[in-house]
Structure formats: structure tokens, C-alpha cells
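> Below are the sequence and a predicted model; questions follow.
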Amino acid sequence: MLVKLQNWLIKQSRVLFSWKTEDSNSPQKATPSPHELPVSIKQQIQETIDKLGNNPTEEKAILEALDNAFDRWLNGLETENNSVVILSSPITTISPLISETIKKWSLQKQLTVKVLPLNARPTNLNNLLSILENFVKNPEENQQNKDDSLEVLVIPNLDFCFLRSVEGLDVIEYLQSLLCEHSKQRFWVISANQVSWQYLNSVGNIAAFCGEVFVLPKITSEQLQEWVNSIIESFDIGIDKFKIETKLLEETEETNQNDWQKYFEVLAYISEGGSLVAAKLFLNSLYQKPDQEEDENNHEKLLAKFPELPELPFIDFSQQYILYSLLLHGNLTLSDLAESLGDEQSEVTGQVQVLRRQGIVEEHNKILTINPIYYPQLKQKLSSNNFIIGEE
């Protein structure tokens, strides 16, 4: 009987030890698509998406917000509200968007603006105070006109100005004091992500020192389609037929238009109106149709299938704190991430590696960020566990 039991255990070992629980940190392997998009074509489309530039809808919304806040302040209607804060999701690359929009706005207004020269979070946090002090002093311009000079100061990304640590929050306190000075001569444009703004408001009541707070609007399905349409035309991308309970129109052009309209309605809904999430989902929905499956009615080699959000892998509480810190700061190096958590870097490294293998965290040039495609579910997950996300 003992021999029989041993033989049975050997035969069943694969079954016994292949189970997974939610406590397992093993990365979940995605099932490969039978018609997966070739790497070369996927890279070409990704590069084309990167060259699309800023979404014109977001630029227009920012320009209107700048005009309204600045005109009210300049005309003396709200003298004390000498700033406008522009909030975006924590996965939006806000700095280039703000910088480009500010250039257009300053030309329209014929204003000279000064942008904080900070493209990333400094490796030494002690340098932040001196950088901000030099930015505000601007001695050459102030000597020309000490009393009547009009200053427009821009902080493209407030996330670069702090770290969740004792030293990292000193800059925010200093900035709050600056916002109260020279309110009749100095106008501020500050951009931040919604998670960091809610955090800074909870620990330092930063909103009390600022004027209007403007949240980037969600992009509609029509706006998304207009933004991505050039890629669809360039790569001659067709659309897979959706299983919808409606009669297909007889004319091919009208049928394709109806299918694309339905596609982008779904895309806008599951991406929650975020252009970066939508772009990732769009690329993820493409596949190449094998030649043997070609027919007269649907001969395109590149097709778009129904857009879907990937399943969020299980993340334990320690990993949730890591992901929340990345959302809070927008992006972080591994050393800054460890400091923001108050943990040893060696302890954080292993967890980050697991999250990278799962695809939730991405690393580019030693900078860690959240994969945008997981953001909608991650936001819900963290919010349900009482993390302050700051989005509805």
C-alpha cells in the first residue's frame, strides 16, 4: 500500500503543486494570441502613436482654463487668486503637454513666461530648495522693474518638487509661502497629478494657498477616433466584426463607420477618457490576420478586435503601497521609491521585480512607472482599500 501511495503521489504531484492562491506572488503568464501582432509592426505603430503629439482636446481645455484664470486675476476681479492648478491622472505625461501649451498661450497673450527648469526629480533633494529660490528671484528682470514687473511662473510638474519624506516636503512648504507673496505682480501656473494633489492637500492644505483648480476633462469617443484616425489610415487597419444585436448595413463604408464608432465608444468607456490608456488599449487590440483566412468581405491583414482591459494580477498589501507611491509621485527611481516607503532598497527590489514581470510596473532608463493599461483597475483596487486616489 505504501508503494501504491508513493506512485499515486508522483503521478498527482503536478496537480497538487500547480494550484495558485491569491497569496502567490508568481507572475501570471498571459495566454498568447493565435494571431499576435508581429513585434516589428507593433513597434512601428507604437512609434507612430508616440509621434501623434499632445491630444488637441487636452490642449484646448488647458488654454481655456489659463485664459479664464489669468484674465480674472489681471483685471483685478480675483487679485488674491494668482494661480491656476491643472490636474491630470498620475499616468499622464503632463510636463510636455503643459510646456507646449504654455508656449502657444504665451504667444497668444504676448507674455514672457518663466518655466521651472526641472525635467525630473533631482537625485539630491536638498537641491530642490535652491533651484526654486533661484527660479523665483530672477535678479536680472527684477532689477529692471522692481515694483511693476508682471511675472508668469510655470511649474510643469509639481511631482518633481517633492518626495514623501521629511526632507522632500520642505519644498512644498516653501512653495506655499511663495504663492502668498507679490500676488498682484506674480501669476502661477502649476501642474500636478490628482493623487499627489490630494495627498499634499491632506498633509499641508495646499489648496488653501492656490486659486482655481482645473481637472483635465475626459476625452470622448469622437475625439479619440479623430486623434487615432491617421494611424488607422496609415496602416490600413480594418476592424473585426463585433457580435452586436443589430442588423449590419448593406453598404460597406457605412458598416465600417458604424463598427469603428462602436469600437471607440467602448474604448473611451473602458479607458475612462484617458488618452494614454486608450492608446495602449488600441495597440493591444490589434492583430494580424493570416493569409489563409482572407476573404472578399474582410481582406485587411491588420485588424482591431474588441478592446478589453487585461485582468489585473493579484497584488498583496506591500505591493499596493509600492504601486500607490508610484501613482503619488508619477514616477520614481528605485532608491527614491524605497525612501518614500521608508524601507531598505534591498527589500523593495524583489517586490518591484515581481510587479515588473507581471507587467504592472514598467522601467525606462531606471525610472519606474505604472503601466497605463492597468491603471483603471489599479485605481479601483487601491481606492477600495482606502488609498486616497483623488479621482471620481
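Yep, it's here. If you're wondering where the values come from, they're calculated on a predicted model, not measured in any experiment. Numbers count the residues shown, from 1 in each chain.
> Tell me which residues of stretch 121-132 come out buried.
Under the neighbour-count criterion of 16 or more other Cβ atoms under 10 Å, stretch 121-132 has R121, L125, L128, L129, I131, L132 buried. For the C-beta atoms, the positions are set from N, CA and C on the backbone; glycine is no exception.
> List of residues touching it?
Under the contact criterion Cβ atoms under 8 Å, 6 or more residues apart in numbering, stretch 121-132 has outside partners 116-118, 159-163, 165, 167-168, 170-171, 174-175, 178, 329, 332-333, 336.
> Select from the residues you listed every entry located in helices.
D170, V171, Y174, L175, L178, H329, D336 (DSSP state H).
> Quick check on the residues you listed: which are buried?
V171, L175, L178, H329, D336.
> For the fourth one, which non-adjacent residue is closest in space?
Of all residues beyond its chain neighbours, the one nearest H329 is D159 (5.5 Å), with distances taken as Cβ to Cβ, 6 or more residues apart in numbering.
> Next, the angle helix 170-179 makes with the lengthiest strand in the chain.
With secondary structure taken from DSSP state E, the chain has its longest strand at strand 186-193. Inter-element angle recorded for strand 186-193 and helix 170-179: 150 degrees (by axes from the mean of the first three to the mean of the last three Cα atoms, to 10 degrees).
> residues making contact with strand 186-193?
By Cβ under 8 Å, 6+ apart, strand 186-193 touches 66, 70, 73-74, 82-90, 92, 94-95, 98, 102, 113, 150-159, 179, 200, 210, 327, 330.
> Would you check how far apart the residue nearest to A207 when sequence neighbours are not counted and E265 are?
Excluding its sequence neighbours, the residue lying closest to A207 (Cβ to Cβ, 6+ apart) is N201, at 4.9 Å. Distance, N201 to E265, using Cβ to Cβ, to the nearest Å: 34 Å.
> Count the neighbours of V354 for me.
18 (other Cβ atoms under 10 Å).
> ok, it to S318 distance?
Distance from V354 to S318, by Cβ to Cβ: 10 Å.
> cool, and F135?
Applying Cβ to Cβ to F135 and S318 gives a distance of 37 Å.
> Settle it for me: which of these two has more neighbours?
Taking other Cβ under 10 Å, F135 and S318 do not tie; F135 has more neighbours (17 against 13).
> Report pLDDT for the nearest residue to that one once chain neighbours are set aside.
Once flanking residues are discounted, F135 sits nearest to L116: 5.4 Å by Cβ to Cβ, 6+ apart. What the model reports as pLDDT for L116 is 93.
> next one: R164
So R164 comes in at 88 (pLDDT).
> other SSEs contacting the helix or strand hosting the residue nearest to A207?
Secondary structure from DSSP states H and E places N201 in helix 194-204. Helices and strands touching helix 194-204, by 3 or more Cβ pairs under 8 Å, 6 or more residues apart in numbering; DSSP states H and E, are strand 83-88, helix 170-179, helix 317-329.
> Would you mind listing the residues in contact with Q351?
S318, Q319, I322.
> likewise L267?
Counting by Cβ under 8 Å, 6+ apart, L267 has contacts S221, L224, A278, L281, F282, S285, P307.
> picking that back up, was I right to think the residue nearest to F135 contacts P156?
Yes: L116 lies in contact with P156 (Cβ atoms under 8 Å); the separation is 6.7 Å.
> Who has more neighbours out of the two?
Counted by other Cβ under 10 Å, L116 and P156 do not tie: P156 has more neighbours, with 25 against 19.
> Roughly how far does that one sit from K289?
In terms of Cβ to Cβ, P156 sits 43 Å off from K289.
> again, but for L178
58 Å.
> Check K301 too.
From K301 to K289 the distance is 5 Å (Cβ to Cβ).
> do N126 as well
With Cβ to Cβ as the criterion, N126 and K289 are 57 Å apart.
> quick one: low-confidence parts of the protein?
Residues of the chain that meet the criterion pLDDT under 70 lie in 1-35, 77-79, 138-148, 241-257, 290-300, 391-392.
> Tell me where it has strands.
Taking DSSP E as the criterion, the chain carries its strands at 83-88, 113-115, 151-155, 186-193, 212-215, 238-239, 286-288, 302-304, 361-364, 367-370.
> Between those strands, which one is closest to N55.
N55 lies closest, by Cβ to Cβ, to one member of those: strand 83-88, at 11.4 Å.
> helices and strands around the closest one, which ones?
Using 3+ Cβ pairs under 8 Å, 6+ apart: strand 83-88 touches helix 56-74, helix 94-109, strand 186-193, helix 194-204, strand 212-215.
> so which of the ones you listed is the most packed in?
Most buried of those, by mean neighbour count (mean count of other Cβ atoms under 10 Å): strand 186-193, with a mean of 24.
> and it, which strands flank it?
strand 83-88 (parallel), strand 151-155 (parallel) (DSSP bridges).
> chain center to it: distance?
18 Å (Cα atoms, centre = their mean, to the nearest Å).
> quick one: it to helix 194-204, angle?
Going by the same axes, to 10 degrees, strand 186-193 makes 120 degrees with helix 194-204.
> quick one, strand 186-193 and helix 56-74 angle?
150 degrees.
> any idea how far the closest residue to V213 other than its chain neighbours lies from D159?
For V213, ignoring the flanking residues on the chain, the nearest one in space by Cβ to Cβ, 6+ apart is V85 at 4.6 Å. Applying Cβ to Cβ, one obtains 13 Å for the distance of V85 from D159.
> How about Y374?
Taken as Cβ to Cβ, the span from Y374 to D159 is 19 Å.
> next one: K218
Relative to D159, and taking Cβ to Cβ, K218 is found at 21 Å.
> Which residue of those two possesses the greater neighbour count?
D159 (24 against 14).
> Who are the contact partners of that one?
Contacts of D159 by Cβ under 8 Å, 6+ apart are R121, A192, N193, S196, H329, G330, N331.
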